[in-house]
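Colleague: Pasting the sequence and the predicted coordinates here, then a few questions.
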Amino acid sequence: MPIDRCFWLFPFFIPIFLSLAPAIAQTLDPLPVREIAPGVYAYEGAIALMDHANEGAIANIGFIVGDDAVAVVDTGGSALEGQRLREAIRKITDKPIRYVINTHEHPDHVFGNAAFEAKDATFVGHKNLPRALAQRKEFYLQAFKPMIGDDLIKDVKIIPPTLLVDIGKDKETRLDLGHRTLVLRAWPVMHTDCDLTVLDEKTATLFTGDLVFFQHVPVVDGSLKGWLAAMDELTAIPAKLAVPGHGKIGLDWPQALADERAYLTKLTKDLRGLIAKGDDVGQAAKEAGQSEAKNWQLFNDYNPRNATAGFAELEWE
């Protein structure tokens, strides 16, 4: 048929094109996850501050596939990253996403939750997580808007967990994915006051959340003393492989903790020495932990605030 005689068909095709447009627009590249153990997938976030260029994708996140269902462990630093994580899951399996586990309240771990809100998944977290999210919700949305941009923040929803895990080894929660059990443990105040770890018993793979940092300098938003005090309990978790909250994924356990323990120990020792000399918090922010600078990325972004928080905690010992 001559081209000029086909023009009359265009009105019939326009509704079809319009109906397909949303589907085309919603097609996203799956997040590039890696299978680090059978059925255990993780994405290694950038060691960087959240910004528009990295789409907030700076935390390590992942998912675990059982015979019957899937559990997500953290959802990333933007709704877009959460959507890309969902696409990665669907590329690998069509099993239902039964659980969305948040390891703590920080935006780089929870801003992607909205991607899983309508999927009949149960959101899971530390018993303190709903309160922490409620207290910081407005601050997070306002503070991170200029960092990641309006387009990445507009679809973010702060979704609290409904299945809560109490603190302590004797209060562990077990989730069944079908011949695959996850052991969730809530911790006392450490990195934050709502830290949770996730152990896949089948492969002895541990998602530590931000209780473990590797390469990225640790961030103290809870208790320096509490974090150090719980180190031995952390090392006792019967894992072989670890996914830290930041840095290289698939680390040997418990060796993955060694660098972090050294940093926190040195920072604490320096702060106590400065306090004993009568130095103020400003001096502590400049000096404490400086010998560790060569071992960590983003050191100057976070060490001064760690020193400031630690000083406030230790000066009244």
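Modeller: Thanks, I have the structure now.

Colleague: which residues in the stretch 51-200 of the chain form strands?
Modeller: Here the stretch 51-200 of the chain has its strands, by DSSP state E, counting those that start in this stretch, at 61-65, 70-73, 97-101, 122-126, 163-165, 173-176, 181-186, 196-200.

Colleague: cool, the stretch 201-317 of the chain as well?
Modeller: With DSSP E, counting those that start in this stretch as the criterion, the stretch 201-317 of the chain has strands spanning 205-213, 241-246, 251-252.

Colleague: Now tabulate those strands in CSV and tack on mean neighbour count and mean pLDDT.
Modeller: (Glycine included, C-beta is placed from N, CA and C.) Converted to CSV, the strands of the stretch 201-317 of the chain look like this (neighbours: other C-beta atoms under 10 Å; pLDDT from 0 to 100):
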stretch, mean neighbour count, mean pLDDT
strand 205-213, 28, 98
strand 241-246, 27, 98
strand 251-252, 15, 98
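
Colleague: between these, which gets nearest to Lys91?
Modeller: strand 241-246 (19.5 Å; C-beta to C-beta).

Colleague: before we move on, back to that, take the strands of the stretch 51-200 of the chain and write them to TSV, including mean pLDDT.
Modeller: Formatted as TSV, the strands of the stretch 51-200 of the chain follow (pLDDT from 0 to 100):
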stretch	mean pLDDT
strand 61-65	98
strand 70-73	98
strand 97-101	98
strand 122-126	98
strand 163-165	98
strand 173-176	98
strand 181-186	98
strand 196-200	98
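
Colleague: possible to save the ones you listed as a markdown table with distance to Gly226 and mean neighbour count?
Modeller: Converted to a markdown table, those look like this (distance: least, C-beta to C-beta, whole Å; neighbours: other C-beta atoms under 10 Å):
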| stretch | distance to Gly226 | mean neighbour count |
| --- | --- | --- |
| strand 61-65 | 25 | 26 |
| strand 70-73 | 23 | 27 |
| strand 97-101 | 22 | 24 |
| strand 122-126 | 14 | 23 |
| strand 163-165 | 17 | 19 |
| strand 173-176 | 21 | 16 |
| strand 181-186 | 13 | 21 |
| strand 196-200 | 15 | 26 |
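
Colleague: Give me the residue at the spatial middle of this structure.
Modeller: Central residue of the chain (C-alpha atoms, centre = their mean): His109, 3.2 Å from the mean position.

Colleague: Could I get the contacting residues of the nearest residue to that residue once chain neighbours are set aside?
Modeller: Using C-beta to C-beta, 6 or more residues apart in numbering and skipping the chain neighbours, the partner closest in space to His109 is Asp74 (4.3 Å). Contacts for Asp74 (C-beta atoms under 8 Å, 6 or more residues apart in numbering) come out as 59-62, 101-103, 109-110, 112, 207, 209.

Colleague: okay, the residues you listed in TSV with distance to Val219 next?
Modeller: Output for the contacts of Asp74, formatted as TSV (distance: C-beta to C-beta, whole Å):
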residue	distance to Val219
Ala59	11
Asn60	14
Ile61	17
Gly62	20
Ile101	20
Asn102	17
Thr103	13
His109	12
Val110	15
Gly112	19
Phe207	17
Gly209	12
